[in-house]
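**Q** could you work out the structure for the sequence below:
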Amino acid sequence: MKFTEKTFAIPELKGISQKTIEEHLKLYSGYVKSANLILEKIDGLRTTEEEITKNTYLISEMQRRFSFEFDGMRNHEYYFEQFEGGLKSKDDQSELVQMINETWGSFDSWLLRFKEIAMTRGVGWAVLYFDKKTGTLQHCWVEEQHLGHLTGCSVILALDMWEHSYMLDFVPSEKKKYVEAFFENLNFSVSEKRFLEAK
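**A** Just a heads-up that it's a prediction; the model follows:
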């Protein structure tokens, strides 16, 4: 199996420079290449039962690294898709917005909580999920690319909070401005579509 690097039709963004997007896409490309390379290397070490036994430690460590590279690839695909088509505000009648209102009292209350999660110290992601088993929305902080993802839940909205997402435009002490810029460019219909597909 080989993963294919995706392309994204991202218009000029407000507050997030084209240079930032270009450099960020290079990092995404690196995740795709690394995920493919790890799988290729693992397959090369599993030629015979004897080779598998001999290379158990190496295989297991590469497999551990694979989750980081794979989630880095997939998280960024969620992220960049959200800019395609340019800014599109929420549809107050959409099922997603209605469920957000029911869960957190209002869209603004949810948004405030989500932005607080985004300001978590360290590098990682603020993520809104839909849990099909309970029929509920959940959100959490994902450490790095892969630690803390909610198993079995579908990603509805993903905000990259690694410094590379904003360092060319904002210093670290201004990352709150980056969070605001993200929402000023967000095509919320992407999240509404993901929610309907997840249901």
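**Q** which helix or strand in this structure has the lowest average pLDDT?
**A** Sorting the helices and strands of the chain by mean pLDDT, DSSP states H and E puts helix 49-54 at the bottom, at a mean of 65.
**Q** which elements pack onto the helix or strand just after it?
**A** As assigned by DSSP states H and E, the chain's next helix or strand after helix 49-54 is helix 56-81. Helix 56-81 is packed against helix 18-45, strand 154-160, with contacts defined by 3 or more C-beta pairs under 8 Å, 6 or more residues apart in numbering; DSSP states H and E. Where you see a C-beta, it was placed from the backbone N, CA and C, and this is true even at glycine.
**Q** just checking, what packs against the following helix or strand past the shortest one?
**A** Downstream of strand 154-160, the next assigned helix or strand under DSSP H and E is helix 175-185. Using 3+ C-beta pairs under 8 Å, 6+ apart as the contact criterion, the secondary-structure elements in contact with helix 175-185 are helix 107-118.
**Q** looking at the helices and strands packed on helix 56-81, which is buried most?
**A** strand 154-160 (a mean of 22; mean count of other C-beta atoms under 10 Å).
**Q** extract the C-alpha trace of that strand and format it as CSV.
**A** Extracted in CSV, the C-alpha atoms of strand 154-160 (Å, rounded to 0.1, in the frame of the first residue of the first chain):
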residue,chain,number,x,y,z
SER,A,154,-14.8,10.9,13.5
VAL,A,155,-12.9,14.2,13.1
ILE,A,156,-15.2,17.1,12.4
LEU,A,157,-12.8,20.0,12.9
ALA,A,158,-9.1,20.0,13.3
LEU,A,159,-6.9,23.0,14.3
ASP,A,160,-3.1,22.6,14.1
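**Q** check contacts around the residue nearest the centre of the chain.
**A** What sits nearest the mean C-alpha location of the chain, by C-alpha atoms, centre = their mean, is Asn75, with 2.8 Å. By C-beta atoms under 8 Å, 6 or more residues apart in numbering, Asn75 lies in contact with 125, 142, 145, 158, 160.
**Q** distance of Gly72 relative to Ile10?
**A** 18 Å (C-beta to C-beta, to the nearest Å).
**Q** now swap in Tyr28 and tell me
**A** Applying C-beta to C-beta to Tyr28 and Ile10 gives a distance of 12 Å.
**Q** likewise for Glu180?
**A** Glu180 is 18 Å from Ile10, by C-beta to C-beta.
**Q** do Gln138 as well
**A** Applying C-beta to C-beta to Gln138 and Ile10 gives a distance of 28 Å.
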